[in-house]
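Trainee: from the sequence below, what's the structure:
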Amino acid sequence: MTIGTEADRVRLTAWAEGRVQGVGFRWWVRSRALELGLVGYAENLPDGRVKVLAEGLRADCERLLALLQGSGTPGRVRRVTSRWAAAVGGLSGFFER
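Mentor: Here you go, the predicted structure:
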């Protein structure tokens, strides 16, 4: 977890494609996000992707994105697309949906 100010907070939305459902991927994302002090959720989508929405300090969200794109994930991630925005707030904890 990085030290920063509220102005450094961002919202990361990422979509992981590949073999990411039914392999513990959302649980793994939740564990990494909590270690980084992020709030949000990971949810299965009907098209087989997993959507990850995380808010926190930019450096911590960048670290989560790097982990999503790395080789240590459960299953097999083929591609991760992402979008950055200003933090919206209103989230607490990190959950699997």
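Trainee: the closest residue to Asp8 other than its chain neighbours: how many residues sit nearby?
Mentor: Closest residue to Asp8 apart from its sequence neighbours, by Cβ to Cβ, 6 or more residues apart in numbering: Leu57 at 5.0 Å. To be clear about C-beta, it is placed using only N, CA and C from the backbone, and glycine gets the same treatment. As a burial measure, Leu57 scores 21 neighbours (other Cβ atoms under 10 Å).
Trainee: need the residues that contact stretch 75-86.
Mentor: Residues outside stretch 75-86 that contact it (Cβ atoms under 8 Å, 6 or more residues apart in numbering): 9-25, 61, 65, 68-69.
Trainee: could you list which of these belong to strands?
Mentor: Residues from the contacts of stretch 75-86 lying in strands, with DSSP state E as the criterion: Arg9, Val10, Arg11, Leu12, Thr13, Ala14, Trp15, Ala16, Glu17, Gly18, Arg19.
Trainee: if we ignore the residues flanking it in sequence, what's nearest the fourth one?
Mentor: The reference is to Leu12. Counting by Cβ to Cβ, 6+ apart, the residue nearest Leu12 is Cys61, at 4.1 Å.
Trainee: can you check the first one too?
Mentor: The shortest distance from Arg9 to any non-neighbouring residue, by Cβ to Cβ, 6+ apart, is to Ala87 (3.9 Å).
Trainee: mind listing what the one you found touches?
Mentor: Neighbouring residues of Ala87 by Cβ under 8 Å, 6+ apart: Arg9, Val10, Arg11, Glu55, Gly56.
Trainee: make a markdown table from those and add pLDDT to it.
Mentor: Output for the contacts of Ala87, formatted as a markdown table (pLDDT from 0 to 100):
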| residue | pLDDT |
| --- | --- |
| Arg9 | 95 |
| Val10 | 98 |
| Arg11 | 98 |
| Glu55 | 98 |
| Gly56 | 97 |
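Trainee: adding distance to Arg79, write the residues you listed out as CSV.
Mentor: Output for the contacts of Ala87, formatted as CSV (distance: Cβ to Cβ, whole Å):
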residue, distance to Arg79
Arg9, 26
Val10, 21
Arg11, 21
Glu55, 23
Gly56, 23
